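# sequence plus the predicted model coming up.
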Amino acid sequence: MKIKQYEKKKKIILSDLMEARVYLGLSKSIWDPTIVSYLFGIRNGFCVFNLEHTLICLKKAIKVIYRVNHSNKQIIFVGFPDSEKSKLTKIYSNTDHLYISNQSWINGILTDGKDIKLYIHNFLTNLKLKKKKESDLFYEKFGGILNLKKKPSLIVIYDHSKNLDALKEASKMGIPIISFVNSEGSTKQSDYPITGNFSSKLAGGLYKKILKHSLN
């Protein structure tokens, strides 16, 4: 699906955002002030996102992912909604892009990976001597970066607040960042922040839909 064709579905996407309650942020008591320009207002002490702004953020992000993907450059996706794990894993497996779970990011993957690479090399060299449990834990933790051979061209972070280390490393390396930011996160840490609450099951389905169309 081409970008222009996708953008024609603006009203459908906006209704999806409403249905998934993407507009409902967290308590103002823990908000990050950088989020204020993306809000519709405060209701009963909770942040309420302006979904027109969220839609603009989404359209920008879709274009960036689409262009990087069709330039045959590599993207790292960090984290995904649990409700869509199996479907997203299948989408990623059909591309040359990499996926790393929230729990598997290791400081130094991008900036100083010599020790990590040495450990991975030694483990794979002795893989036949490892127990199944050891191998399973290894692939769960490192499987997403085994094919990381060079600096990626883009990082897409699903859960901003759980991946601050990934944000810092990508920023230090000058890698463009797309990040889904709830009201407690700083929009200044991403090149393309997507503001809103994407934690619901319906929002997870929307995330999958966005990636599926962007990577086709």
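Now that the structure is in, tell me what you want to look at.
# the residue lying farthest from the centre of the chain and residue 21, how far apart?
Largest separation from the mean C-alpha position in the chain: residue 129, at 35.0 Å (CA atoms, centre = their mean). Look at residue 129 and residue 21: by CB to CB, to the nearest Å, they are 50 Å apart. All C-beta atoms are positioned from the backbone trio N, CA, C, and that covers glycine.
# now swap in residue 98 and tell me
Computed with CB to CB, the distance linking residue 98 and residue 21 is 31 Å.
# which one's more surrounded, the two?
A direct count of neighbours by other CB atoms under 10 Å for residue 98 and residue 21 places residue 98 higher, at 19 against 15.
# what helix or strand is residue 99 on?
Using DSSP states H and E, residue 99 sits within strand 98-100.
# swap that for residue 40, sorry
According to DSSP H and E, residue 40 maps onto strand 39-43.
# what's the spacing between that strand and its chain's center?
Mean-position distance between strand 39-43 and its chain equals 25 Å (CA atoms, centre = their mean, to the nearest Å).
# also stretch 49-58?
Centre-to-centre, stretch 49-58 and its host chain are 17 Å apart (CA atoms, centre = their mean).
# which residues does that stretch contact?
10, 13-14, 17-18, 22-25, 37-40, 183, 192-197, 210 (CB atoms under 8 Å, 6 or more residues apart in numbering).
# buried set for it?
Buried residues in stretch 49-58, counted by 16 or more other CB atoms under 10 Å: 49, 50, 51, 53, 54, 55, 57, 58.
# export it to PDB, keeping only CA atoms.
Extracted C-alpha coordinates of stretch 49-58, given in PDB (Å, rounded to 0.1, in the frame of the first residue of the first chain):
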ATOM      1  CA  PHE A  49      -4.300  14.000  24.100                       C
ATOM      2  CA  ASN A  50      -5.300  15.900  21.100                       C
ATOM      3  CA  LEU A  51      -5.700  13.100  18.500                       C
ATOM      4  CA  GLU A  52      -5.400  15.500  15.600                       C
ATOM      5  CA  HIS A  53      -1.800  16.000  16.700                       C
ATOM      6  CA  THR A  54      -1.300  12.300  17.300                       C
ATOM      7  CA  LEU A  55      -2.500  11.700  13.700                       C
ATOM      8  CA  ILE A  56       0.000  14.200  12.400                       C
ATOM      9  CA  CYS A  57       2.800  12.400  14.300                       C
ATOM     10  CA  LEU A  58       1.600   9.000  12.900                       C
END
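# quick one: the helices in this protein?
3-7, 10-19, 51-69, 85-93, 114-125, 132-142, 164-173, 201-214 (DSSP state H).
# how about the nearest residue to residue 205, chain neighbours excluded?
Spatial nearest neighbour of residue 205, chain neighbours left out: residue 84 (6.4 Å); criterion: CB to CB, 6 or more residues apart in numbering.
# next up, the contacts around the residue nearest the centre of the chain.
Nearest to the mean C-alpha position of the chain, by CA atoms, centre = their mean, lies residue 157 at 2.3 Å. With CB under 8 Å, 6+ apart as the criterion, the residues that contact residue 157 are 78, 79, 163, 166, 167, 177, 178, 179, 180, 190.
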